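J.: here's a sequence, model it:
(3 chains)
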Amino acid sequence: MAQAHAPQFKNPVVKWIDSRLPIFSMLDHEYNQYPMPRNVNYLWAFGAIAGIMLVIMIATGLVLAMQYAANTNIAFDSVERIMRDVNYGWLLRYVHANGASMFFIAVYIHMFRGLYYGSYKAPREILWILGVLIMLAMMATAFMGYVLPWGQMSFWGATVITNLFSAFPIVGDPIVTWLWGGFSVDNPTLNRFFALHFLLPFVLFALVILHTAALHVSGSNNPLGIDPKGPQDTVPFNPYVTIKDGFAVVVFLIFYAAFVFFAPNYLGHPDNYIPANPLVTPAHIVPEWYFLPFYAILRAIPDKLGGVLAMFGAIAVLAVLPWLDTSKVRSCKFRPIYRQFFWILAIDALVLGYAGAMPAEGVWLMIARIGTAYYFFHFLILLPLLGKLERPLPLPASICEPVLKGGGRVAAGAHAKPMEKA
Amino acid sequence: MRALKSAILSAALALGLAGTAQASEGVHIPEQSWPHSGVFGTIDKASAQRGFQVYKEVCSACHSMRLVPIRTLGGIGFKDDELKALAAGYEVQAGPNDAGEMFMRPGTPADRFPSPFPNDNAARAANNGALPPDLSLIAKARKGGEDYLYAFLTGFEDTPPEGVTLMPGMNYNKVFPGHQVGMPNILQPDGVSYADGTKATVDQQARDVSTFLTFAAEPHLDARKQMGVKVILFLIVLAGLMYATKRKLWSTVH
Amino acid sequence: MAQTTHPPGTGAHAAPGGEGTSRRDFLYLATGAVGAVGVAAAAWPFIDSMNPAADTLALASIDVDLAPVAEGQAITVTWRGKPVFVRHRTAKEIDEAKKVNLGELRDPAADDARVKKPEWLIVIGICTHLGCVPLGQKPTDPRGDYDGWFCPCHGSHYDTAGRIRKGPAPANLVVPQYAFTSDTAIRLG
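T.: Sure thing, here's the model as predicted:
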């Protein structure tokens, strides 16, 4: 880029501030001139969509927190007051409740995009691990948020999930008591969950900033998984990618709005409109859909501690993924065998999700076990082996080349080249 | 966890909440066509008003609706003076007065519907151990929503099918989980007399009260859908503009 | 950050002006305008959610029975979360309030304009200085130099019509909206 350095600001105030605190230069560098590979597709917009979701969640969460009361006696009623009496309270709550699901949809697509195109590989390992931490923080935040309305699912979800920690020998029970602040899920638990539910999104926000900072060091990956060779391979972020991401965000918002306005309780559970009752467990307790694959893994193992370890292991294995995948080629486009297994993993995740919603007995238990076995087999055995055994297709010489040739064809004779270091 | 769960469930059985224990067996709830179904559907106010009459004259003898303020009925067409007159017909507890005593006063539209029983234990004691659930959110708190309510209210059978022995004080219902329910078949033909001349069949009453309870659970249902149509139309226009801009901009890239 | 917009990168061949540019500019403008309208409209529910909710507004009027309040006595009732002073004035107090020369008042107002029935003075019991509740409701309270109320926070004195007479407060005690529903009952709000 010819004018990649020292932008000239015309506005004297901006100029004055920038010479003392180069915040405008930084924004210009990171969000205006930042070179994006010109061949990124719409899957790359899900990072921006997830970012917008975080902002929507924090904004709606803030005004909801102004009306919500974290006390077991009035929590349920205070949510109903939001739904009935607070101006646009129903809108804000439905936007927030469905927003959690939309946030997970965006992040899961973002992750699977990273898996498909090998975005976790060197030099983007830390970027990827920060992403796994973001997912963990999201899970904790979503779980605690679900407890706040203090319905039946809130209460029993909190009971079951906090009891996971009782699986650990010796320290388990004291940890659970400590989490509860009592001998069952009760007022102290609700109160601390509210405090943490308010805090964690800001931790999440900080992690997102680090995630973006790490991204801007190595630059964005792209569908070919090869590094840009020069300016001819990239476009400046603004306006090219801002408008493209913006379009994707608006389309996503249409999908989101369809839920908020026409099926606001579709992703929720009817039992959560019954106030929490510590004496009666609902017949079917299921977590929110975004936890279902992990819930299936938990239930697939016929041992309490084993199930808990498998569930946490399913996330931990993602953190070490950059070192489990031994392939030198990033993108699945050039990995014909791994590409098949990628889709098997995607289907496996959906099957696990479905099994997680079904009663843990009979055929569903069997399916959950097979699904769990495949999940770990995929990451722990298949990926390390496949990197050594698979013969990748020849890589194009540069991003521009297949673009200019049209149709994404690789020029004949271009030999397989291991990915270049940035 | 499982041990705890079964312990809790058996405790629930002992408390007379037997029905819910067998909820796992699925009963098909036929989907009804409601005026408020679909993207453009709105609550049928006349039906909801009749449904309120059924609630007031039949259901409210046992069922509370503690989260719904009387003024909410303005949303199904009650005028201010009608609301005041209606509210004045309820006695609500107030106080303490200067002597430190609680006293009863006539209700105002700002009050919530008073509950038929002072607390859950009193409700159980008066109902053979079963707790009549609060109806404020019942249309959202049951799988199937208003379809379930309608199926439940029209699903009673005077004689249980062959081979089913009812526990004492229980009634047979086709769609209730476990089929044995403490609530009797309460809707009777012409059990209420509608002011607008609608014939009060059991089916009509069940429909009307299900409509009313849908409104009571979600008073902003109409506003929500109307706003939704506008928001989505707006977003489609914006998406179209953004797509055109994006096409124009990227046309120079390839 | 409009001031930092740069021409597209070298990889892109920008149209050298003319029709393409003007159409692009129009699309930019239209998209930006529609997007801005959307953001502004979306902001309103957030702002409005902080306004009084329906339950708060519904409770905005209350009935007060005046019958038990004997002449010379006063009661305090809560209305919209604020104290409302209801004083059954004596003939002497009414006389004092009427006699005052309006010219010497900081916030001139005739006694007639502040009451609906001379024996009943109804004002919001919040000092117009900085929001404290003045003393003078209980028989043992100091009532200030003008037999009305005295604000202990910064020393404002109010007379028997609730008008500011001395001290830092700028205005009279506010008369709330109310109406007599019978000879001995009022509705506030």
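J.: pLDDT weak spots in chain B?
T.: B:1-26, B:254 (pLDDT under 70).
J.: now with 50, please.
T.: For chain B, applying pLDDT under 50 flags the ranges B:1-24.
J.: in the helix or strand hosting residue A:311, what counts as buried?
T.: According to DSSP states H and E, residue A:311 maps onto helix A:304-319. Of the residues in helix A:304-319, A:304, A:307, A:308, A:309, A:310, A:311, A:313, A:314, A:317, A:318, A:319 count as buried by neighbour count, 16 or more other Cβ atoms under 10 Å in any protein chain shown. C-beta: built from backbone N, CA, C; applies to glycine.
J.: tally of neighbours for the closest residue to the second one other than its chain neighbours?
T.: Nearest non-adjacent residue to residue A:307, counting by Cβ to Cβ, 6 or more residues apart in numbering or on different chains: residue A:301, 3.9 Å away. Residues within reach of residue A:301, counting by other Cβ atoms under 10 Å in any protein chain shown, total 17.
J.: other SSEs contacting the lengthiest helix in chain C?
T.: The longest helix of chain C (DSSP state H) is helix C:19-48. Judged by 3 or more Cβ pairs under 8 Å, 6 or more residues apart in numbering or on different chains; DSSP states H and E, the packing partners of helix C:19-48 are helix A:46-65, helix A:89-116, helix B:221-250.
J.: mean neighbour count, the ones you listed: which tops it?
T.: When you average the neighbours per residue for each of those (mean count of other Cβ atoms under 10 Å in any protein chain shown), helix A:89-116 leads with a mean of 22.
J.: could you check the angle that one makes with helix A:46-65?
T.: Counting by axes from the mean of the first three to the mean of the last three Cα atoms, to 10 degrees, helix A:89-116 lies at 150 degrees to helix A:46-65.
J.: which residue is nearest the middle of chain A?
T.: residue A:107 (3.1 Å; Cα atoms, centre = their mean).
J.: does it touch residue A:138 like I think?
T.: Yes - counting by Cβ atoms under 8 Å, residue A:107 does reach residue A:138; the two are 6.6 Å apart.
J.: circling back to that earlier point, just send the helices and strands packed on helix C:19-48 back as CSV, with distance to chain C too.
T.: Below are those laid out as CSV (distance: least, Cβ to the nearest Cβ, whole Å):
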stretch, distance to chain C
helix A:46-65, 5
helix A:89-116, 5
helix B:221-250, 4
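J.: those helices into CSV, with extra columns for distance to residue C:127?
T.: Below are the helices and strands packed on helix C:19-48 laid out as CSV (distance: least, Cβ to Cβ, whole Å):
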stretch, distance to residue C:127
helix A:46-65, 32
helix A:89-116, 34
helix B:221-250, 41
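J.: count the residues that sit near residue B:39.
T.: 11.
J.: just residue A:75 next, same as before
T.: The burial count for residue A:75: 24, using other Cβ under 10 Å.
J.: how is residue B:123 assigned, secondary-structure-wise?
T.: helix (DSSP: H, G, I helix; E, B strand; the rest coil).
J.: quick check: the gap between it and residue B:223.
T.: 33 Å (Cβ to Cβ, to the nearest Å).
J.: need the contact list for the residue in chain B positioned nearest to chain A.
T.: Residue nearest to chain A within chain B: residue B:228 (2.5 Å; Cβ to the nearest Cβ). Residues in contact with residue B:228, defined by Cβ atoms under 8 Å, 6 or more residues apart in numbering or on different chains, are A:257, A:258, A:260, A:261, A:262, B:39.
J.: find the pair from those with maximum spatial separation.
T.: Spanning the widest gap among those are A:260 and B:39, at 13.0 Å by Cβ to Cβ.
J.: now the longest helix anywhere in chain A: average pLDDT?
T.: If you go by DSSP H, chain A has its longest helix at helix A:187-218. Average pLDDT, helix A:187-218: 96.
J.: output the contacting helices and strands for the following helix or strand past that helix.
T.: Per DSSP H and E, the first helix or strand lying C-terminal to helix A:187-218 is strand A:234-236. Secondary structure elements in contact with strand A:234-236, counted by 3+ Cβ pairs under 8 Å, 6+ apart, are strand A:35-37.
J.: who's in contact with the strand it packs on?
T.: Counting by Cβ under 8 Å, 6+ apart, A:1, A:219-222, A:228, A:231, A:233-237, A:240-241, A:399, C:9 sit against strand A:35-37.
J.: can you list the residues of the stretch 201-350 of chain A near chain C?
T.: Counting by Cβ under 8 Å from any Cβ of the partner chain, the residues of the stretch 201-350 of chain A close to chain C are A:231, A:232, A:233, A:234, A:235, A:236, A:238, A:239, A:240, A:243, A:246.
J.: I'd guessed the second one sits against residue A:401; true?
T.: No - under the criterion of Cβ under 8 Å, residue A:232 makes no contact with residue A:401, lying 10.0 Å away.
J.: just to revisit the earlier point, for the longest helix of chain A, what is the distance to the chain centroid?
T.: 13 Å (Cα atoms, centre = their mean, to the nearest Å).
J.: so which bits of it are buried?
T.: So, applying 16+ other Cβ under 10 Å, buried residues of helix A:187-218: A:189-190, A:193-194, A:197-198, A:200-201, A:204, A:207-208, A:211, A:214-215, A:218.
J.: now stretch A:169-185
T.: So stretch A:169-185, judged by 16+ other Cβ under 10 Å, has buried residues A:172, A:176, A:179, A:180, A:185.
J.: what average pLDDT does the strand or helix carrying the second one get?
T.: Spelled out, that is residue A:176. For residue A:176, the host element (DSSP H and E) is helix A:172-180. For helix A:172-180, mean pLDDT is 95.
J.: give me the contact list for the helix or strand bottoming out on mean pLDDT in chain C.
T.: The helix or strand of chain C with the poorest confidence is strand C:62-65; it has a mean of 83 (mean pLDDT, DSSP states H and E). Applying Cβ under 8 Å, 6+ apart, the external contacts of strand C:62-65 come out as C:75, C:77, C:79, C:84, C:86, C:181, C:184, C:185, C:186, C:187, C:188, C:189.
J.: give me the distance between the fourth one and residue C:185.
T.: This points to residue C:84. Distance from residue C:84 to residue C:185, by Cβ to Cβ: 14 Å.
J.: what does the first one give?
T.: Residue C:75 sits at a distance of 13 Å from residue C:185 (criterion: Cβ to Cβ).
J.: so between these two, which is more surrounded?
T.: Between residue C:75 and residue C:185, counted using other Cβ under 10 Å, residue C:75 has the larger neighbour count: 16 against 13.
J.: doesn't the more buried one lie inside a strand?
T.: Yes - judged by three-state DSSP, residue C:75 forms part of a strand.
J.: so which residue of chain C comes closest to chain A?
T.: residue C:45 (3.6 Å).
J.: so what's that residue closest to, chain neighbours aside?
T.: residue A:88 (3.6 Å).
J.: residue contacts, the one you found?
T.: C:44, C:45, C:46, C:48, C:49.
J.: does the second one touch residue A:91 like I think?
T.: To tie it back to what came earlier, the one meant is residue C:45. Yes - proximity of residue C:45 to residue A:91 meets the contact threshold set by Cβ under 8 Å, at 5.4 Å.
J.: out of the buried residues of helix A:187-218, which is nearest to residue A:133?
T.: Nearest to residue A:133 among these is residue A:207, at 5.6 Å by Cβ to Cβ.
J.: okay, helices next: where are they in chain B?
T.: Under DSSP H, chain B gives helices at B:2-14, B:45-57, B:80-88, B:120-126, B:145-153, B:202-217, B:221-250.
J.: in JSON lines, list those along with distance to residue B:184.
T.: Shown next, in JSON lines, are these (distance: least, Cβ to Cβ, whole Å):
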{"stretch": "helix B:2-14", "distance to residue B:184": "21"}
{"stretch": "helix B:45-57", "distance to residue B:184": "15"}
{"stretch": "helix B:80-88", "distance to residue B:184": "27"}
{"stretch": "helix B:120-126", "distance to residue B:184": "13"}
{"stretch": "helix B:145-153", "distance to residue B:184": "12"}
{"stretch": "helix B:202-217", "distance to residue B:184": "13"}
{"stretch": "helix B:221-250", "distance to residue B:184": "30"}
